[in-house]
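[1] generate coordinates for the sequence data below:
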Amino acid sequence: MTTPEYFPLVDVSGTPHARGVQHGRAVPERVAGGVALYRAQLGRRGLDAATIRHLAQSMLPIIEAYDASYLEEMRGIAEGAGVSLEDVVMVNCRTEMLFGYADLKGKADATSAPTTDAAPSEDGDCTGLLVLPARSATGRLMHAHNWDWRQECVDTGIVLRIRSNNGGPDMLTFTEAGALARHGFNTNGVSLTGNSLTCDEDFRKGPGVPLVLLRRRILEAANLATAMKSVWASKRYCANNMILAQATGNDGSGISLETSPGEIFWTLPENDLLVHANHWMSPSAVMKLRDPGLPQRPDSIYRQHRVENALGRVEGRIDWTHVKAALADEFGKPDGVLRTPKPADFSSISATVATTLMDAANRVMWVARKPYEARNFQEYTL
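    Numbers count the residues shown, from 1 in each chain. Down below sits the predicted model:
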């Protein structure tokens, strides 16, 4: 069967459990693909099936304490896709399980567990950006992102449209099948993208909220302030960058939050532009934190600079053609803004899985699958 050149749209509604069942039933083969991917990744780190299951089970009380409805949704996904709950937890907590949870909790043998010395990378080598309405050709806020991760995810990604049943906003999120959220926006105009960061505090300050669940909480926010409060209110396992924004008609605002397990640093748009890759941008963060990941991906420095310069050189207003071109920059190939497939750690292949463009005020998202081959954008609406 020919693999489609776009990510499937999955519509869910009703109770958390019902939404999960609908999710799992819609794309069982993609959920199974993600489970196989992360089982293999953990196996290459020396973890056997019993240890993987044990680690996933140890996450259950943490998920339930944060939001019991999220656990119910995961139970539904497992039921609908015909996999175990532990498998779905693994997909949603793959950062914590791949890059430090075993060491943190002492749940696995110290000789076989993952360690923080490997410079954990939650999202590979991503690049995100905002264009505020004053610079936007549409007059509306523009939010875009390259997701660089495991090449296999071109066949496990989905666009999930969630209809709320509790008075909260509806959501549209590009994510991995089986996962509750990744990048997206809601009907309040709140939008989110995330990039990997590393610091010497990662997985060393005790349990925190799995990143996928924090992102889902942000996408449930009533406004930008509420979204930011969600980050400050949540203890974190490891470093991460999140670009948050809110678009309302022809107005909008955004911020980059660089988070470590212990602190939060922020940067604001300059000249109505904000670009972030995978290194710390806040001067305070650069002074306070050691970044073990930067020696592994120094290209982050020029990726950020090249996208910022490309957009900054545009005369007049920036349109989506300019944004697409900036995110398709292959300078330094394969280590460009657009990542062509290349070998990565633990016998995996890294690539730009998807380029996502969001016009949250207009409730529309465009996603290109395998943009290193062809930049064909599929439109999704909320």
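[2] quick one: mean pLDDT over stretch 41-52.
    Mean pLDDT, stretch 41-52: 92.
[3] the lengthiest strand in the chain pairs with which strands, parallel or anti?
    If you go by DSSP state E, the chain has its longest strand at strand 348-359. Strand pairing for strand 348-359, using DSSP bridges, gives strand 142-150 (antiparallel), strand 342-344 (antiparallel), strand 364-369 (antiparallel).
[4] worst mean pLDDT among the ones you listed?
    Across the strands paired with strand 348-359, the lowest-scoring stretch is strand 342-344, with a mean of 88.
[5] re earlier: with respect to Gly262, which of the strands paired with strand 348-359 lies nearest?
    With C-beta to C-beta as the measure, strand 142-150 is the member of those nearest Gly262 (25.9 Å). In short, each C-beta sits where N, CA and C put it, glycine included.
[6] show the residue spans covered by the strands in the stretch 201-350 of the chain.
    240-248, 251-259, 264-267, 273-276, 342-344, 348-359 (DSSP state E, counting those that start in this stretch).
[7] before we move on, the earlier item: give me the angle between the longest strand of the chain and strand 240-248.
    Per axes from the mean of the first three to the mean of the last three C-alpha atoms, to 10 degrees, the angle that strand 348-359 makes with strand 240-248 is 20 degrees.
[8] of the strands paired with strand 348-359, which stretch is the most buried?
    When you average the neighbours per residue for each of the strands paired with strand 348-359 (mean count of other C-beta atoms under 10 Å), strand 142-150 leads with a mean of 27.
[9] so what does the helix or strand just after that strand touch, helix or strand wise?
    The C-terminal neighbour of strand 142-150 among helices and strands, as given by DSSP states H and E, is strand 157-163. Counting contacts by 3 or more C-beta pairs under 8 Å, 6 or more residues apart in numbering; DSSP states H and E, strand 157-163 packs against strand 9-13, strand 171-176, strand 364-369.
[10] strand partners (parallel or antiparallel) of strand 157-163?
    With DSSP bridges as the test, strand 157-163 is paired with strand 9-13 (parallel), strand 171-176 (antiparallel).
[11] could you identify the helix or strand that succeeds the shortest one?
    In other words, strand 9-13. Using DSSP H and E, the helix or strand that follows strand 9-13 towards the C-terminus is helix 16-26.
[12] give the next helix or strand downstream of that next one.
    Following helix 16-26 in sequence order, the next helix or strand is helix 28-44 (DSSP H and E).
[13] and that next one, what's buried?
    By 16 or more other C-beta atoms under 10 Å, the buried positions in helix 28-44 come out as Pro28, Arg30, Val31, Ala32, Gly33, Gly34, Val35, Leu37, Tyr38, Gln41, Leu42.
[14] return the member of the residues you listed nearest to Asp319.
    Nearest to Asp319, judged by C-beta to C-beta, of the buried residues of helix 28-44 is Arg30 at 32.7 Å.
[15] quick one: residues contacting the closest one.
    Listed by C-beta atoms under 8 Å, 6 or more residues apart in numbering, the contact partners of Arg30 are Pro8, Asp155, Thr156, Gly157, Ile158, Ala177, Gly178.
[16] follow-up on the earlier one: tell me the buried residues in the longest strand of the chain?
    Neighbour-count burial for strand 348-359 flags Ser348, Ser350, Ala351, Thr352, Val353, Ala354, Thr355, Thr356, Leu357, Met358, Asp359 (criterion: 16+ other C-beta under 10 Å).
[17] then stretch 213-222?
    The neighbour-count check on stretch 213-222 (16+ other C-beta under 10 Å) flags Leu213, Leu214, Arg215, Arg216, Arg217, Ile218, Leu219, Glu220, Ala221 as buried.
[18] would you agree the last one is in contact with Val190?
    Yes - at 4.9 Å, Ala221 and Val190 qualify as touching, with contact defined as C-beta atoms under 8 Å.
[19] low-confidence stretches in this structure?
    By pLDDT under 70, the low-scoring segments of the chain are 1-4, 101-124.
[20] swap in 50 and give it another go.
    Flagging of the chain using pLDDT under 50 yields the residue ranges 1, 104-105, 107-122.
[21] that older thread, hey, what's the angle from the longest strand of the chain to helix 28-44? Just curious.
    In terms of direction (the same axes, to 10 degrees), strand 348-359 departs from helix 28-44 by 130 degrees.
[22] returning to that earlier point: nearest to Gly184 among the strands of the stretch 201-350 of the chain would be which one?
    It is, among the strands of the stretch 201-350 of the chain and with distance given as C-beta to C-beta, strand 348-359, at 7.4 Å.
[23] which of the residues in stretch 75-86 are buried?
    When burial is assessed from 16+ other C-beta under 10 Å, stretch 75-86 yields the following buried residues: Arg75, Gly76, Ile77, Ala78, Glu79, Gly80, Ala81, Val83, Leu85, Glu86.
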